[in-house]
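>>> Generate coordinates for the sequence data below:
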Amino acid sequence: MPKSSAFVPGHISGFFQVCNEFNDPARKGSRNCGPCIGAGVLTEVKTRESSSSKIEIFINDKEAPTALTSRTVVGEILKILDKPFEIKVNHKVKAPIGAGYGTSGAGAIGAALAVSRALKLRLDRSKVFSLAHKAEVLCGTGLGDVGAQMRGGLIVGLEPGCFPYGKLKEIGITKDMSIVCGTLGPFSTSELLNDPEFRNRSKKAGSRALKDFLSDESIKNFMKVSREFVSELGILDEELMEILDGVSSDCPWGASVVMLGRAIFAPARPSESKEVRKGFLNYFDRKSVMVPKVDFEGARIST
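Numbers count the residues shown, from 1 in each chain. Predicted structure coming up:
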């Protein structure tokens, strides 16, 4: 029974601009910026030849029939094969699901990498990028996580879409950076992304945020621009606003909201992360706070 596994980091967007001018999902996406984090998704895949093709998706060992993004990716790979296979995919997720940490994109990439390795398909990284990005767009689970997750680091998406349309740039930051995160709960990404009024607001606010960030590509300015973007987007509820104001004073570079989620993040050096985490614990319970490192490796095969 050929098997393989892959790890893909999570991803946080501090700001984004919805780009949906084209019908081709390869050209849709977002311009955005944010770090990849070590709280990601480990995907384990088992395969075997069969009389008919079958796909089973599990999340943390529980069957997940609604994991459409991963199912779509595996379905596309099955079309490449000249014989049917049964494929079992198990995502071990290390970040809160549905809270803006890019877990659906991480799962889709991991499924593509691991299935390709298990079946010796030798799909190149641009093909994996394309498969996962298109699945995210078609399933409405995300627009701009996949490119960053393939690469790792603090990434700004300059142009939307996957290969050959998407354009990414890595922003230099210290290699020991952590991202303190506090999560209140999930957020309906697809519902917002399908709202025309919200998309229009994101286009205006996101365009301004990208321009302001590119004038000063520093972590301090990234957090400043992200905070301004959140305010302009107008999606903060009273509870989240109160927490954001409360934790910001303990954060050396400030704090902002994970897009799109009911969660807050703040970068910190090793010498600062303990104090920042302590500030978060005034508003979040311990299980809701995590302090992952920035992941600079990006998506990779584990076994």
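>>> distance between the helix or strand where G75 lies and the chain's centre?
Using DSSP states H and E, the secondary-structure element containing G75 is helix 68-80. Helix 68-80 has its average C-alpha position 19 Å from the chain's average C-alpha position, going by Cα atoms, centre = their mean, to the nearest Å.
>>> Could I get the buried residue list for it?
When burial is assessed from 16 or more other Cβ atoms under 10 Å, helix 68-80 yields the following buried residues: L68, T69, S70, R71, T72, V73, V74, E76, I77, L78. No exception for glycine: its C-beta is placed from N, CA and C like everyone else's.
>>> try stretch 269-281
Buried positions in stretch 269-281, judged by neighbour count with 16+ other Cβ under 10 Å: E272, S273, V276, R277, G279, F280.
>>> measure the fourth one to V289 for me?
Remark: distance between R277 and V289 (Cβ to Cβ, to the nearest Å) = 6 Å.
>>> Give me the common contacts of these two.
V180 (Cβ atoms under 8 Å, 6 or more residues apart in numbering).
>>> before we move on, the earlier item: following the chain onward from the helix holding G75, which element is next?
Past helix 68-80, further along toward the C-terminus, the next helix or strand under DSSP H and E is strand 85-93.
>>> And the contacts of stretch 295-303?
Counting by Cβ under 8 Å, 6+ apart, 3-10, 36-38, 40, 42, 106, 109-110, 113-114, 117, 125, 128, 149-153, 175 sit against stretch 295-303.
>>> Out of the residues you listed, which sit inside helices?
A106, I109, G110, L113, A114, R117, R125, V128, Q149, M150, R151 (DSSP state H).
>>> Check the offset of stretch 236-247 from the chain's centre.
Its chain's average C-alpha position is 23 Å from that of stretch 236-247, according to Cα atoms, centre = their mean.
>>> name the element C181 belongs to?
strand 178-185.
>>> circling back: put the buried members of the contacts of stretch 295-303 into a ChimeraX selection.
Here is the ChimeraX selection string for the buried members of the contacts of stretch 295-303, based on 16+ other Cβ under 10 Å:
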select :4,5,6,7,8,9,10,36,37,38,40,42,106,109,110,113,114,117,128,149,150,151,152,153
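>>> Using a markdown table, lay out the ones in helices among the contacts of stretch 295-303 together with pLDDT and distance to E170.
Formatted as a markdown table, the ones in helices among the contacts of stretch 295-303 follow (pLDDT from 0 to 100; distance: Cβ to Cβ, whole Å):
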| residue | pLDDT | distance to E170 |
| --- | --- | --- |
| A106 | 98 | 18 |
| I109 | 98 | 18 |
| G110 | 98 | 21 |
| L113 | 98 | 20 |
| A114 | 98 | 25 |
| R117 | 97 | 25 |
| R125 | 97 | 15 |
| V128 | 98 | 19 |
| Q149 | 98 | 13 |
| M150 | 98 | 12 |
| R151 | 97 | 7 |
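>>> of these, closest to T183?
The shortest distance between T183 and any of the ones in helices among the contacts of stretch 295-303, using Cβ to Cβ, involves A106 and amounts to 16.0 Å.
>>> What spatial separation is found between that closest one and P267?
From A106 over to P267 the distance is 20 Å, taken as Cβ to Cβ.
>>> Just the closest of the buried residues of helix 68-80 to G206, please.
T69 (22.6 Å).
>>> Over to the residue lying closest to Y283 once chain neighbours are set aside: give its phi and psi.
For Y283, ignoring the flanking residues on the chain, the nearest one in space by Cβ to Cβ, 6 or more residues apart in numbering is I243 at 4.5 Å. With angles defined as degrees, to the nearest 10, I243 shows backbone torsions of phi -70, psi -40.
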